Structures are given as C-alpha cells and as structure tokens.
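1. missing the sequence, but the structure's below:
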Ligand code: NAP
Ligand code: MG
C-alpha cells in the first residue's frame, strides 16, 4: 500500500432489515402472487440479496383493481391538502430512513454509496417534498380552475436510478390525485419494495400505491391492461416504441422518457479544470448508466491534446470497486447482460478505427465491471458516436467552429441533454438556443432539481417530468405539446 492509498471504508449492511423473500404490494398488503419468483442479486458480488415474486397477469389485474378502488373510494374524495400530508409524511420517512435506503440501493444496483447517499436518496426526498407542496395548489398548474386527475397510472421504470425513477413517477401522480401501479426493473426491485413498507408506515390509504415486480413480460402486461388511464414509461427507445404502437388509437395518455447520446461541448476559453470535472460527472457518474449522460465529448481542436492529458491523469485517480466503500468512485455495472452490451459496442470502436484508452485499475474477481474508457479519433459515423452505450465509455470528437459544434451535437436521433463549457455568456446562450435537447447544462453537467422539467426530443421520447410540466402529465388537459425545436 502506497503513502496515499486509502484504507477500505465499507458502509455496514447491518442497518438493513431485509426479508428473505418479498411478495407483491397490492391493496396496501404484501401478497404472495400467483407467478413464480426470481432472485435479485448484488452485481458487485453476484450474491443473492432476496427472492422476489414475479407478478402474473392475474396479479396485475388485482393491482389495477386495487388502484381503481382506491381512486374512487378514497383518493379522489380527499382534498388536496390531505393528499399533501401523506406525501410530506412519505418524504420525511425517506429522510429518516435515508442511510438504510442508500445502502439497499448500492447493494442491489452496484452504484457507489457516495452517490446513493449524496445524490439519489436526497433527490428522492426532494421530489416528494416538492410535489407534496403542489397537492393543494393544482389550480395554479396552468390547466384551469379545477384540474382533474387522469385516474389509474401504470408506471414502468428502469434499473439505473431505481428509487429516484420511482419518485419521479409516484410523487407527481399522487399529488395530482391519481393512483398507481408501478413495476420496477427486474434487476433492481429492492428499494421499491422498501418504499412499499414506507407507504404502510405512512398509513397511505390502501391501493393508492401498488408495486408489482417482474421482468419485461410483467411490464408489457401492465401497460396493456384495459383499465389504465395513463402509462408513464422510462427505459429504452425500442420498448418505448412498442408501447407507443400498442396504445395508438386508445385514449390512454402516454409519456416516454427514453435513451440519449448527449453532447458535452468544450470551447477553448472554458475553465479547463472545471470542464474536466464536468466531463467526468457527465459520463462516469453512475458507471455511465445515465440516459442524459454526456457520452459524446465535443472538444475544440486546438485544446484537444491538453484536455485529453488532463482527463486521463484525473481518470487515473478514480477508484473502482466495492460499491459500499465510501472511497469508491466507480461501482459495478448493473448486470451481466449490460456488461456484455457495453463490451460489444466498445469493441466496435476498436474495429471501426477509433483509439481506446483505459484507466488502469484492478478489476475485482467477482461481479460485473468495466473500467473508465475514452475513445479518441472517433468519426461521427462510428457506432460509438451514434449508439447509446449506457456505460463508462466516452467518445471524443473535435470541432473548429461553433457552427461545426452545433451540427455535430445535433447529429443524433436522440435529443435529451447537452452541455456547454465556455466563459462567454453570449456564446453560451446563442449555442443553447440552437441545440436540439430537452436539458442543456451550462458549465456543469448532470444536475437535477425537482422544480426543473426534464425530458427529450425525437427518439428520446415525449412528455416532461419535474416541475409544473411533470404535474401536467398527470392532469386532464395537460398533454405535452412536443415537437421540433
Ligand atoms: P428497458 O429494457 O426498456 O426496461 C425499462 C423497463 O421496462 C424495465 O422495468 C423493463 O423490465 C420493462 N420492460 C421491458 N420490456 C417491456 C415491454 N415489452 N413492455 C413494458 N415494459 C417492459 O430499458 P433498460 O435497458 O432497462 O434501461 C436503460 C434505458 O433506459 C436506456 O436506454 C436509458 O437511456 C433509458 N433511460 C431513460 C431515462 C430518461 O429519463 N429518459 C432515464 C433512465 C433510463 P425488466 O427490467 O424487467 O426487463
Ligand atoms: Mg439487483
């Protein structure tokens, strides 16, 4: 061990009080379900954490009936101020149990405890506090004097921010007076099940929130259930497209938050050391499993070599390993399947002629890992410049003029996020105006706030989550008027 090495500082799992197996949360109770069960594992150790029920079609039907019953009997009859009290109570319990939730999320997902503790769980609480405040103020949402809830919402979320995506879905839905059936991702159901316990602890009326676990087939059964008024989906563009096709012509409302291939643009007048930190948080935060990641770095040609040198020396200090260790920067890739996808697309970078650089770090023997990787000499036609990798892999392109940067940044079927680094505010605003992306960060990256709407253009989906826009997605008359910018 060298002079500046860190001793291990693992967060204890003794705070967890997990069951060996979990049923489905339907009508305020955990029920066994009529399907089989599956294991959720820790991607850093490959050990089983718990067994989880796989909801059958009949279970989904029960969950939708429970949500419909709660809507008509209790939730829609309750004044907004009362709904708000439940949401405030949930937010406070999340804060009280934040350490436990952070440990559970790191264990089940593989992301570093530093991130779950300082980013995921504080944002989850913030989302519930924010929408709790809206529950009795719906007449100010801009949708008329007495906006009405849509009804029962079917919500399907991915594995990259499991509890945060749950909060993005459930908090606005409940504030607006809807009831929900939510399916977490197959590989990360744990914190959604702990959230079900929190609903019980908060004495939320039974059936307002229902959690059904399972894989893709369970998600498909949920979104195609005939008694659903709204579908909210976050996940891949391929699955989003299927859902859109299956709902076409029905009056079920739909919002889709899909993939991205965000451009992070560095001009030669930027504060380079800050930009290096922004590049790293843009693509190496959460192992790059971030839909709005800055996965394409566009760097002005005259500073390319300087930026690459500084980036590589900074990346060499990042620590990959045990997600529960408080010193860890890069955790485990969420699943074997995702590791295979990342590996396959990265290999196409080699075969298409880009130059690979990899941070040298020890890869643990167990679990799924991919070291921080940077590709230079990338052409816009390369797969690594076009396809979403959803892993810790950065593709670097260069530009000479602002016009070229804009053209390259917009050269994507997606349109979720972008970043601009320059000291010149007029250039910042002029360029932001020409980028086709739902979120544009200025001299920062991957910053989130519940009051700020988030969502995409083109193949990144439609609808907005967060802010007043996110509330409108759960109210009559609040359909998102998307379209080209
Ligand atoms: P995915 O395969 O589309 O899965 C997302 C969710 O949909 C999971 O719960 C999944 O269940 C379920 N599902 C799978 N097939 C389904 C079907 N036919 N009908 C209904 N539900 C179905 O996506 P992923 O690979 O897990 O997640 C990564 C993707 O999500 C990336 O493309 C990323 O960009 C995107 N994402 C977008 C945002 C955003 O806000 N825009 C945020 C995070 C992630 P199983 O997990 O059990 O298969
Ligand atoms: Mg897991």
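-> On my side now, so go ahead. Fair warning: this is a prediction, and the values are worked out from it, not measured in the lab. Numbering: from 1, shown residues only. Ligands and ions are numbered 1, 2, ... in the order given.
2. residues from the stretch 351-485 of the chain in reach of ligand 1?
-> With CB under 6 Å from any ligand atom as the criterion, the stretch 351-485 of the chain comes near ligand 1 at residues 388, 390, 416, 456. Glycine gets a C-beta too; all of them are placed from N, C-alpha and C.
3. in CSV, list those residues along with pLDDT, secondary structure and neighbour count.
-> Below are these laid out as CSV (pLDDT from 0 to 100; DSSP: H, G, I helix; E, B strand; the rest coil; neighbours: other CB atoms under 10 Å):
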residue, pLDDT, secondary structure, neighbour count
388, 97, coil, 23
390, 98, coil, 24
416, 96, coil, 27
456, 93, coil, 27
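4. which one of those sits closest to residue 184?
-> Of all these, residue 184 sits closest to residue 390, with 17.6 Å by CB to CB.
5. excluding chain neighbours, what is closest to that closest one?
-> residue 289 (5.6 Å; CB to CB, 6 or more residues apart in numbering).
6. and the one you found, backbone torsions?
-> phi -80, psi 70 (degrees, to the nearest 10).
7. from now on call the first residue 643
-> Okay, using 643 as the starting number, the last item reads as residue 931.
8. skipping its backbone neighbours, what lies nearest the residue minimising distance to the centre of the chain in space?
-> Nearest to the mean C-alpha position of the chain, counting by CA atoms, centre = their mean, stands residue 803 at 4.3 Å. Spatial nearest neighbour of residue 803, chain neighbours left out: residue 762 (6.0 Å); criterion: CB to CB, 6+ apart.
9. how close does the one you found sit to ligand 1?
-> According to CB to the nearest ligand atom, to the nearest Å, residue 762 stands 12 Å off from ligand 1.
10. where's the residue nearest to the centre of the chain relative to residue 927, distance?
-> Residue 803 is 11 Å from residue 927, where distance means CB to CB, to the nearest Å.
11. now do residue 784
-> Residue 784 is 33 Å from residue 927, where distance means CB to CB.
12. is whichever strand or helix holds residue 750 positioned near ligand 1?
-> Using DSSP states H and E, the element containing residue 750 is helix 740-751. No: for helix 740-751, no contact with ligand 1 is found by CB under 6 Å from any ligand atom; the gap never falls below 11.7 Å.
13. all strands of the stretch 943-1092 of the chain, in order?
-> Taking DSSP state E, counting those that start in this stretch as the test, the strands found in the stretch 943-1092 of the chain are 997-1000, 1015-1018, 1035-1041, 1059-1063, 1081-1084.
14. out of those, which is closest to residue 1053?
-> strand 1035-1041 (9.6 Å).
15. tell me what the closest one is packed against?
-> helix 914-925, strand 938-942, helix 946-957, helix 978-993, strand 1015-1018, helix 1025-1028, helix 1044-1051 (3 or more CB pairs under 8 Å, 6 or more residues apart in numbering; DSSP states H and E).
16. indicate each strand paired with that strand and its parallel or antiparallel sense.
-> strand 938-942 (parallel), strand 1015-1018 (parallel) (DSSP bridges).
17. which of those strands sits most buried?
-> Among those, strand 938-942 has the highest mean neighbour count (mean count of other CB atoms under 10 Å), at a mean of 25.
18. and the helix or strand of the chain with the lowest mean pLDDT, which strands flank it?
-> Ranked by mean pLDDT, DSSP states H and E, the weakest helix or strand in the chain is strand 1103-1104, scoring a mean of 90. Paired neighbours of strand 1103-1104 in the sheet (DSSP bridges): strand 895-899 (antiparallel).
19. show me how far the strand it pairs with is from its chain's centre.
-> Relative to the centre of its chain, strand 895-899 is centred 15 Å away, using CA atoms, centre = their mean, to the nearest Å.
20. no further queries at this time; thank you.
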